[in-house]
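Visitor: I'll drop the sequence and a predicted model, then ask my questions.
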Protein chains: 2
Amino acid sequence: MILTVTLNTALDVTYRVPRLHAHTSHRVTDVAERPGGKGLNVARVLAALGHEVTATGFAGGPTGSVVRGLLAASPGVRDALVPCAGTTRRTLAVADEASGDTTQFNEPGPLITSAEWSVFLERYEALLADGARAVALCGSLPPGVPVGAYAVLVRAARAAGVPVLLDTSGEALRRGVAARPEMIKPNAAELCELTGTRDALPATRDARRRGAHAVITSLGPAGLLAATPEGSWQAAPPRTLAGNPTGAGDSAVAGLLSALVEGLDWPDRLIRAVALSAATVRAPAAGEFDPRTYEEVRGSVKVTPA
Amino acid sequence: MILTVTLNTALDVTYRVPRLHAHTSHRVTDVAERPGGKGLNVARVLAALGHEVTATGFAGGPTGSVVRGLLAASPGVRDALVPCAGTTRRTLAVADEASGDTTQFNEPGPLITSAEWSVFLERYEALLADGARAVALCGSLPPGVPVGAYAVLVRAARAAGVPVLLDTSGEALRRGVAARPEMIKPNAAELCELTGTRDALPATRDARRRGAHAVITSLGPAGLLAATPEGSWQAAPPRTLAGNPTGAGDSAVAGLLSALVEGLDWPDRLIRAVALSAATVRAPAAGEFDPRTYEEVRGSVKVTPA
């Protein structure tokens, strides 16, 4: 089983409008709702790849109930979310049909009490001991969760002998990296914030020195750059695919983790991650991927030593 | 008891953002949720005036549950909403702190089945017979409800001897007026759509000829224009009040209905409606009013024959 942690789960709502005009009124022509937060996207992609997945984190209030209902309807993800008294946040994407652009609104997350955080830690340790073969720690921290939370979770995974991938940003990433996770997967902006270095290759290597065993940097449409104990590589898709990049990074995480538990070597892990990212760009939403694009791109990702 | 009907109830969500930029991402700094749909706003104002109120209409899905929960927490409104299988819509107002402007997104309503519509009609007739002294029919029709719905509801109220105020627009208003409601309360745009006449006084009189016993036209900040069996009047607030006009019309409906059941004459009904509208402009949201403004304006509304 692969364990995904989403402390700040979300209900991802998408509104379609014919044309967005700020400061006017709009009739929404279509409403779509999906379970959200990076770790739930990772879980759904892992399940679609045929892996056993357990999703934990927090869910609360009416929005949390909707998230859990949607998760129950999405095959293959076991729900081990911990209830919280606050209400799970919504994220709203307003898709403008005229321009193709999206306007995003992100609600603040629920306030997590220290008692809820303690309940979560117990559940997390039990899940690690319950046959977890890898764990993904994903996304932002909701209010009330200590900023060093990911360092605690990384150390617990290491103590349990479970490899851990950390995908977050800012101070939560900085503290988490110091606890020596197996992998981190920053994008260029997150990496620059962590290391102060704008150039991707030196920054990726710098991030390794800060504690991560392997650093896999997302270069957007250009693919991935990896600095690992076995070597450094760049993995690039055969061409840039037009589409919606939301969730491409989460699919890369699913690719890296699934390939890790299947015992693949680094070049093959990177190929899978790049192909899944590309296939997500061609899918309607985060947590989903286009299987045809995945098969097609998988055969033609170029991996070169960096 | 005063009965309010809201066939297309809503969860009114307000997001506060520091500044709205279309096609970018925003952190929402504050989220507020209120029961919505015109009839629920009317009900809350009536309850605040000390009247017994029963609210019916449809509510369904997770959003419907939230609406009912908020209604239960708002004192004095009895919940007689009829469950539906579809999900109650949300309306989202994004308030831009920099400009003070609001951008509005309105979801489509749930699809009401003919079986649900029949259940509602039974409930409505039972409520009319259960001591209703007046009824307000408010707002848009959700998908699936016949466009002649308000005509049916007006006739049922008339058959039960209960005076009825209709506040809607378009074809639903046109059909409803023909069933001869006690009052309609169009704004200038709705009245022009109904009569084809842009000039408020002849259009108000024309609307009476189409079937409504009294027509009370909202002139926005200029007050109300009424054509009634007892005469025609304009009622104007002492000055234009700056604020948020959302819900001012619903408060006028509450003013007209409460004054009707209290046996006030037309000039006093109009004074109350104008003062409540003005006090709602000074309140944070629809369904609420500022009591100090209400008392102050009530003493200085000018009513002149029209």
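Guide: Yep, that arrived.

Visitor: Which element, helix or strand, includes A:Arg155?
Guide: Assigned by DSSP states H and E, A:Arg155 belongs to helix A:149-159.

Visitor: packing partners for that helix?
Guide: Counting contacts by 3 or more Cβ pairs under 8 Å, 6 or more residues apart in numbering or on different chains; DSSP states H and E, helix A:149-159 packs against helix A:114-129, strand A:134-138, strand A:164-167, helix A:170-178. Quick note: C-beta positions are derived from backbone N, CA and C, even for glycine.

Visitor: tell me how far the helix or strand encompassing A:Pro35 is from the chain's mean position?
Guide: Assigning secondary structure by DSSP H and E places A:Pro35 in strand A:30-36. Averaging C-alpha positions (Cα atoms, centre = their mean, to the nearest Å) puts strand A:30-36 17 Å from its chain's average.

Visitor: Are that strand and chain B in contact anywhere?
Guide: Yes. Between strand A:30-36 and chain B, judged by Cβ under 8 Å from any Cβ of the partner chain, the touching residues are A:Val31.

Visitor: C-terminal to that strand, which secondary structure element comes first?
Guide: Following strand A:30-36 in sequence, per DSSP H and E, is helix A:38-48.

Visitor: anything in the helix or strand that comes right after that next one near chain B?
Guide: Downstream of helix A:38-48, the first helix or strand assigned by DSSP H and E is strand A:53-59. No. Strand A:53-59 lies apart from chain B when judged by Cβ under 8 Å from any Cβ; the minimum separation is 13.0 Å.

Visitor: if we look at strand A:53-59, which residues are touching it?
Guide: Residues from elsewhere that reach strand A:53-59 (Cβ atoms under 8 Å, 6 or more residues apart in numbering or on different chains): A:1-9, A:37, A:39-40, A:43, A:46-47, A:64-65, A:67-68, A:71, A:76-84, A:88, A:110, A:112, A:116, A:120, A:123-124, A:127, A:132, A:142.

Visitor: Can you flag the buried ones in the residues you listed?
Guide: The neighbour-count test (16 or more other Cβ atoms under 10 Å in any protein chain shown) applied to these identifies A:1-9, A:37, A:39-40, A:43, A:46-47, A:64-65, A:67-68, A:71, A:77-82, A:84, A:88, A:110, A:112, A:116, A:120, A:124, A:127, A:132, A:142 as buried.

Visitor: just to revisit the earlier point, list the buried ones in the strand holding A:Pro35?
Guide: For strand A:30-36, the neighbour count (16+ other Cβ under 10 Å) marks A:33-36 as buried.

Visitor: re the thing from before, overlap between the contacts of strand A:53-59 and the residues near chain B?
Guide: A:Ser65.

Visitor: From the contacts of strand A:53-59, which land in strands?
Guide: A:2-6, A:77-79, A:82-83 (DSSP state E).

Visitor: number of nearby residues for the closest residue to A:Arg19 other than its chain neighbours?
Guide: Of all residues not flanking A:Arg19 in the chain, A:Ala98 sits nearest, at 4.1 Å (Cβ to Cβ, 6 or more residues apart in numbering or on different chains). The tally of other residues near A:Ala98 (other Cβ atoms under 10 Å in any protein chain shown) stands at 10.

Visitor: Just give the nearest non-adjacent residue to A:Ala252, would you?
Guide: A:Ala273 (4.2 Å).

Visitor: How is the one you found classified with respect to secondary structure?
Guide: Secondary structure, DSSP: H, G, I helix; E, B strand; the rest coil: A:Ala273 is helix.

Visitor: any idea how far B:Gly76 is from it?
Guide: Separation of A:Ala273 from B:Gly76 (Cβ to Cβ, to the nearest Å): 58 Å.

Visitor: again with A:Arg205
Guide: Using Cβ to Cβ, A:Arg205 is found at 67 Å from B:Gly76.

Visitor: In the stretch 151-300 of chain A, where is pLDDT below threshold?
Guide: Residue ranges of the stretch 151-300 of chain A with pLDDT under 70: none are present.

Visitor: What residues does it have near chain B?
Guide: The stretch 151-300 of chain A comes close to chain B at no residue, as judged by Cβ under 8 Å from any Cβ.

Visitor: Point me to the residue of the stretch 151-300 of chain A nearest chain B.
Guide: The nearest approach of the stretch 151-300 of chain A to chain B comes at A:Thr246, 10.7 Å away (Cβ to the nearest Cβ).

Visitor: Ramachandran coordinates for that residue?
Guide: Taking degrees, to the nearest 10, you get phi -60, psi 130 for the backbone angles of A:Thr246.

Visitor: ok, it touching A:Ala286?
Guide: Yes. With contact defined as Cβ atoms under 8 Å, A:Thr246 counts as touching A:Ala286 (4.9 Å).

Visitor: So for the two, which sits in the more crowded spot?
Guide: Taking other Cβ under 10 Å, A:Thr246 and A:Ala286 do not tie; A:Ala286 has more neighbours (28 against 22).

Visitor: Once you drop chain neighbours, what's closest to that one?
Guide: Closest residue to A:Ala286 apart from its sequence neighbours, by Cβ to Cβ, 6+ apart: A:Gly247 at 2.5 Å.

Visitor: Any idea how many residues pack against that neighbour?
Guide: Look at A:Gly247: counted by other Cβ under 10 Å, it has 28 neighbours.

Visitor: Over to the one 10 residues further on?
Guide: Using other Cβ under 10 Å, the number of residues around A:Leu257 comes to 32.

Visitor: Not including adjacent chain positions, what is the nearest residue to it?
Guide: Nearest non-adjacent residue to A:Leu257, counting by Cβ to Cβ, 6+ apart: A:Ala134, 4.9 Å away.

Visitor: what sits against the residue nearest to A:Ala286?
Guide: A:41, A:280, A:283, A:285-288.

Visitor: can I get the residues you listed in CSV with secondary structure?
Guide: Output for these, formatted as CSV (three-state DSSP):
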residue, secondary structure
A:Asn41, helix
A:Thr280, helix
A:Ala283, coil
A:Ala285, coil
A:Ala286, coil
A:Gly287, coil
A:Glu288, coil
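
Visitor: Which two among those are spaced furthest apart?
Guide: Pairwise distances among the contacts of A:Gly247 were taken by Cβ to Cβ; the largest, 10.9 Å, belongs to A:Asn41 and A:Ala283.

Visitor: Those two: which is more packed in?
Guide: In this view A:Asn41 and A:Ala283 are compared by other Cβ under 10 Å, and A:Asn41 has more residues nearby, 30 against 21.
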